[in-house]
Structures are given as C-alpha cells and as structure tokens.
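S.K.: this is a predicted model, with the sequence first.
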Amino acid sequence: MTLQITHLNGNLATVSDLAPLSFAGYAHFTAMQMRDHSVPGLDLHLARLRQASDTLFGQHLPDEQITGYLRTAVEASEAADASVTCFITSRPGEFAPAGESPELDVLIKVTDPADAPAGPLALDVVRHERHLPQVKHVGEVSKTFFLRRAIERGFDDAAFVDSAGRLSEATIWNLAFWDGESVIWPEAEYLPGVTMQILARRLHCLGVPQRTGTIRAADLSEGLSAVVMNSWTPGISVSRIGDQAMDRDSKFIGLLNEAYVAENRDGLT
C-alpha cells in the first residue's frame with residue numbers, strides 16, 4: 001500500500017490548500033527517514049529550518065510548533081517507518097514583496113520509506129554551483145537534469161565542481177573522501193546535509209580524524225575512497241568519478257555506519 005499523508009499547519013491538507021502551492025518555488029524544506037517512529041538528528045533538522053527561514057523570510061517558527069506539526073502528521077499516518085518531509089513557505093508567495101511580517105506555512109508530507117541504491121555508484125563530473133547553497137530550497141531543476149544526463153552518459157549520478165574546479169557535492173548527496181587515515185570533507189560551497197553533520201559529530205566522538213580539503217578532479221586517485229550520503233544512508237561507495245577509478249576501502253563505510261548508529265534518535269510519536 002502506498003503511504004501518502006499531507007498536512008498543512010497541523011491539519012489534513014485539502015485540494016484547495018494545495019492548489020496555490022503546486023508550482024510555488026519560494027520555499028525550503030528538510031527531509032528525514034523515520035524508522036520505528038524515530039529519526040536521527042532532529043535538532044539538526046530544526047536548526048536547518050530555522051536558519052533557512054531566517055534567510056528567506058527574515059523570521060522563523062518556534063521549534064515546538066514544527067515538532068508539533070511533525071508529530072500530528074506522523075500519528076495520522078499510523079506508520080512506524082516512513083519518509084517525512086517538512087516544507088516551509090510564506091504568504092505572500094513568490095514574485096511578491098514580503099511586507100512587514102509574512103505568514104509562514106508548514107507543509108508536512110509522510111510517504112513510504114526510501115531505500116538507498118546498493119552502489120557502488122559511478123559519478124559524472126559536471127560544472128554546477130547551486131544558488132543559495134546553504135539553503136535546502138525547492139525548485140532545483142538542475143539536480144534532476146544532471147542526474148538524467150549522467151545516466152544517458154553511462155553514469156549512475158553526477159558530482160558537481162565549482163568555478164574554481166573544486167568538487168563540492170552531488171545532485172542530492174554530500175560527498176566525503178577517505179585517504180586511509182582521515183575523512184576529508186570538500187572545501188567548497190555546498191549544502192551541509194543533516195546526515196553529514198551527524199557523521200561529523202559522531203566521528204569526532206569516536207576519535208576518527210577529519211579534515212576539510214580542496215579536492216579537484218585532477219587530485220583524484222585510486223588511493224582515495226569516496227562515498228555519497230543523504231537521509232537515505234550514511235554512505236554509498238563510489239567506484240568512479242569521471243574517468244578516475246576510486247578505491248573502495250571497506251573500513252571507511254564501516255566507520256560511517258558505526259558513527260551513524262551511535263547517533264541519538266528522537267521519537268515523532
């Protein structure tokens with residue numbers, strides 16, 4: 001059975017509620033995977049929503065209001081495992097001045113749980129920089145465009161390089177590298193994913209060395225391992241970036257999974 005629950009501001013959304021939002025592009029969101037009624041890194045999701053609302057709307061809603069809406073939608077779904085997405089938009093919407101105090105609306109979607117691809121993945125290398133990379137905003141056609149083009153070219157997905165030639169992120173993924181001793185996070189402008197932030201703080205607790213470094217396509221070698229990560233998974237091995245084959249050190253994936261499992265989980269019911 002396909003799960004599909006949509007709430008607007010704590011109530012079951014109607015067609016009339018959703019019609020004005022169908023193609024609205026001035027909004028931001030966060031996405032999480034709920035398992036056994038709980039999610040990891042809820043504090044990071046809430047921080048993301050606060051910061052993005054401040055950037056787009058000049059204000060944010062209280063954490064308690066957001067978590068209340070999340071719990072109401074999850075309880076209505078009667079699901080233990082699900083994909084949960086929280087969108088925040090404003091009235092007036094796009095192509096209109098904000099006014100002194102725009103009203104913020106919260107849309108919650110609860111759908112079937114997502115499974116990550118098994119991997120390993122081969123990533124095409126594409127020149128692309130996201131606008132407002134620190135905000136997880138809607139309406140980014142480039143992600144799907146470059147994914148589909150990568151598949152047409154014989155890859156599984158695409159990784160982005162910026163104007164300085166630095167690898168930054170992938171379409172819906174953060175990138176991380178491993179040199180056999182340290183986890184290397186890219187030095188570039190990108191969206192810091194919640195899973196990435198969970199791993200960074202838990203790897204620190206485990207005493208695993210981490211550093212930020214500039215990595216260009218020319219710097220890649222078989223001595224480096226690479227993974228992609230998002231809310232679906234703490235790490236999928238990357239076999240190739242562009243024409244360069246990557247090492248696939250099982251220790252790297254093991255450390256990421258160990259760190260992710262160590263994260264506290266917050267109940268949504």
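M.R.: Nice, thanks for sending it over.
S.K.: give the next helix or strand downstream of the helix or strand hosting Met196.
M.R.: Here Met196 sits within helix 194-206, counting by DSSP states H and E. Downstream of helix 194-206, the first helix or strand assigned by DSSP H and E is strand 210-213.
S.K.: name the residues that touch whatever helix or strand comes next after that following strand?
M.R.: Counting by DSSP H and E, the next helix or strand C-terminal to strand 210-213 is strand 225-230. Identification of contacts with strand 225-230 by Cβ atoms under 8 Å, 6 or more residues apart in numbering yields 116, 121, 123, 157, 170, 172-178, 193, 195-196, 199, 220, 235-238, 241, 246-249, 252-253, 256. Any C-beta I mention is one placed from the backbone N, CA and C, and that applies to glycine too.
S.K.: compute the inter-axis angle for strand 225-230 and helix 194-206.
M.R.: Taking axes from the mean of the first three to the mean of the last three Cα atoms, to 10 degrees, one finds strand 225-230 and helix 194-206 inclined to each other by 120 degrees.
S.K.: check the offset of strand 225-230 from the chain's centre.
M.R.: Computed by Cα atoms, centre = their mean, to the nearest Å, the chain-centroid distance of strand 225-230 equals 13 Å.
S.K.: let me know the next secondary structure element after that strand.
M.R.: Sequence order places strand 233-241 as the next helix or strand after strand 225-230, per DSSP H and E.
S.K.: state the pLDDT value of the residue located most distally from the centre of the chain.
M.R.: Relative to the centre of the chain, and counting by Cα atoms, centre = their mean, the farthest-placed residue is Glu100 at 30.9 Å. Among the per-residue scores, Glu100 shows a pLDDT of 75.
S.K.: check Leu199 too.
M.R.: 98.
S.K.: that one touches Ile253, doesn't it?
M.R.: No. Taking contacts as Cβ atoms under 8 Å, Leu199 lies outside contact range of Ile253: 11.6 Å.
S.K.: and those two? Which one has more around it.
M.R.: Taking other Cβ atoms under 10 Å, Leu199 and Ile253 do not tie; Leu199 has more neighbours (31 against 19).
S.K.: so what's the more buried one closest to, chain neighbours aside?
M.R.: Ala259 (5.0 Å; Cβ to Cβ, 6 or more residues apart in numbering).
S.K.: identify the residues contacting the one you found.
M.R.: Here Ala259 is in contact with 198-199, 202-203, 205-206, 208, 234 (Cβ under 8 Å, 6+ apart).
S.K.: give me the buried subset of the residues you listed.
M.R.: Buried subset of the contacts of Ala259 (neighbour count, 16 or more other Cβ atoms under 10 Å): 198-199, 202-203, 208, 234.
S.K.: roughly how far out does the helix or strand where Gln33 lies sit from the chain middle?
M.R.: Using DSSP H and E, Gln33 sits within strand 27-34. Put simply, strand 27-34 sits 8 Å off its chain's centre (Cα atoms, centre = their mean).
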